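> Output the structure for:
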Amino acid sequence: MKITANQITALRIVLLPLPLFLIYGGPFSRLMAILILAVLGLTDYLDGVLARKYGVTSLGRLLDPIADKIFIAVTLVPLADLHILPMWIVWPIFFREFLVTEMRRFMTPGQKGLRVTELAKIKTTLQMTGVGLILLTNTFSDRLPTIFFLAGLFLATLFLAVAISSKSGELTGRLKSALLLEGMGLAIAVALPARQVELAYGVVLLVVTLVSGAQYVLASMPGLLKRGLLPVLDLFLSIVNPLFALLLLPFTPGSSHLLVVLILAIEFAVQGIDMWAVQEGRFDISLYKKRFFTPFLVLVFVAMLSSGAGLGAASATFLVLCSFGSVLYLLVDMWFHRSLFKKKEFFS
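Down below sits the predicted model:
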């Protein structure tokens, strides 16, 4: 049976919870998590090759960005939970991811949406590589594995650049960006102690993510504002639940990170389904979630704080209710838009 890009993407999504649990283990467990993440990152390239060879399907256009965003959720949330990266780095990255997807959906009813920029493609690769390097540096504080890996990667990219340049006489922008970022990462690893290396890599991820997001915001915001205040309010109501859940992570000890990852992953999935539905001219049922469910969660949280339940109890209640509601909405969303999911697309 022919292996399709959609099957590889689906497999990547199914396997992503595995490194989430391994990150919380010892050095060997962490190393296994890094290796699995590296393999899963390579499948992102492989499914792209297969999609170009056999053709891109509607299902593939949905699954691939969802898989990329869930990859970030299962890696960045543990980094914040374990205090490897501060929340002021992690939270804005997720804010960008949710905001841009919503802008693409709100601005493109019945259309194919904003084109993915070259910087956004670089951003995705950088995020996948960056979280692995941060984990590697945190696990081996002498920085030698990080330095050796980046040195080897830089030399391999340099040899590739020389070969391409000698053949075609020019280098692609992506290859130039790779050389720049790899060289910068190597210099940081050599010059700084481990803790500062982790923070520096996090800042690079943050800056590139925000700059890539600014391109979409500048392109979308004028048209969105012309539609009036209500669409703008709807846009931000659509991203309240996952972003607020992430903010509550430090106040809910125990296994709260699992609920936060679940909420983020499901919200990424339903964003993709809802955008797909809007692009196909279908009714957007997320209207009910943002007009009713989101205010309900906020009111419950505020009511518990007002009653003296405490921030920890209110946060835990919000996460439980939000995760339950997210799962329920995903099931309803998939059933309501079931005609979009064509079985043959998974096998062709």
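> Could you tell me how many residues sit around Lys176?
By other Cβ atoms under 10 Å, the residues close to Lys176 number 12. In short, each C-beta sits where N, CA and C put it, glycine included.
> which is the next helix or strand following the helix or strand harbouring it?
Element membership of Lys176, judged by DSSP states H and E, is helix 173-191. Downstream of helix 173-191, the next assigned helix or strand under DSSP H and E is helix 194-226.
> in that following helix, what counts as buried?
194, 197-202, 204-206, 208-209, 212-213, 216, 220, 224 (16 or more other Cβ atoms under 10 Å).
> re earlier: quick check: mean pLDDT of the helix holding Lys176?
For helix 173-191, the per-residue pLDDT values average out at 90.
> Pull the residues that contact it.
118, 121-122, 126, 133, 137, 143, 146-147, 150-151, 153-154, 157-158, 160-161, 164, 197, 200-201, 204 (Cβ atoms under 8 Å, 6 or more residues apart in numbering).
> try stretch 294-314
Contacts of stretch 294-314 (Cβ under 8 Å, 6+ apart): 237, 240-241, 244, 251-253, 315, 317-318, 321-322, 325.
> Report the secondary structure state of Pro253.
Here Pro253 is coil, with the state taken from DSSP: H, G, I helix; E, B strand; the rest coil.
> and it, how many neighbours does it have?
12.
> Setting the sequence-adjacent residues aside, check what's closest to it.
Of all residues not flanking Pro253 in the chain, Gly312 sits nearest, at 7.6 Å (Cβ to Cβ, 6 or more residues apart in numbering).
> Leu287 now?
Asp234 (7.6 Å).
> The one you found - how many residues pack around it?
Neighbour number of Asp234 under other Cβ under 10 Å is 17.
> name the helices or strands packed onto the helix or strand hosting it?
Under the criterion of DSSP H and E, Asp234 resides in helix 229-237. Counting by 3 or more Cβ pairs under 8 Å, 6 or more residues apart in numbering; DSSP states H and E, the packing neighbours recorded for helix 229-237 are helix 87-106, helix 194-226.
> Give me the helices and strands touching the shortest one, please.
Helix 87-106 is packed against helix 58-81, helix 194-226, helix 229-237, helix 240-247, helix 256-279, with contacts defined by 3+ Cβ pairs under 8 Å, 6+ apart.
> per-stretch mean pLDDT over those helices, give me the minimum one.
It's helix 229-237: among the helices and strands packed on helix 87-106, that one has the lowest mean pLDDT, namely a mean of 80.
> Buried residues, that one. List them.
Asp234, Leu235, Leu237.
> and what of stretch 122-134?
122-134.
> Tell me the one of the residues you listed nearest Gly281?
Thr124 (28.1 Å; Cβ to Cβ).
> May I ask you to confirm that that closest one is in contact with Asp68?
Yes - with contact defined as Cβ atoms under 8 Å, Thr124 counts as touching Asp68 (5.3 Å).
> what's the pLDDT at the residue nearest to Pro253?
91.
> switch to numbering from 22
Understood, numbering begins at 22; the last thing we discussed is Gly333.
> what about it, distance to Ser187?
62 Å (Cβ to Cβ, to the nearest Å).
> More neighbours: those two, which one.
Gly333 (14 against 8).
> In the contacts of stretch 315-335, find the pair that's most separated.
Leu258 and Pro274, at 28.8 Å, using Cβ to Cβ across the contacts of stretch 315-335.
> how much does the helix or strand in which Leu56 is found deviate in direction from helix 79-102?
Secondary structure from DSSP H and E places Leu56 in helix 48-75. Helix 48-75 and helix 79-102 are oriented at 160 degrees to each other (axes from the mean of the first three to the mean of the last three Cα atoms, to 10 degrees).
> could you list every residue that touches the residue lying closest to Ala72 once chain neighbours are set aside?
Among residues not flanking Ala72 along the chain, Ala26 sits closest, at 4.0 Å (Cβ to Cβ, 6+ apart). By Cβ under 8 Å, 6+ apart, Ala26 lies in contact with Asp68, Gly69, Leu71, Ala72, Tyr75, Val77, Gly81, Asp85.
> neighbours of the fourth one, just the number please.
What it means is Ala72. 19.
> just checking, it touches Ser79?
No - if you go by Cβ under 8 Å, Ala72 and Ser79 don't touch, sitting 11.8 Å apart.
> Tell me the backbone dihedrals of Thr273, please.
phi -130, psi 90 (degrees, to the nearest 10).
> Would you agree it is in contact with Leu340?
Yes - with contacts counted by Cβ under 8 Å, Thr273 reaches Leu340, the gap being 6.1 Å.
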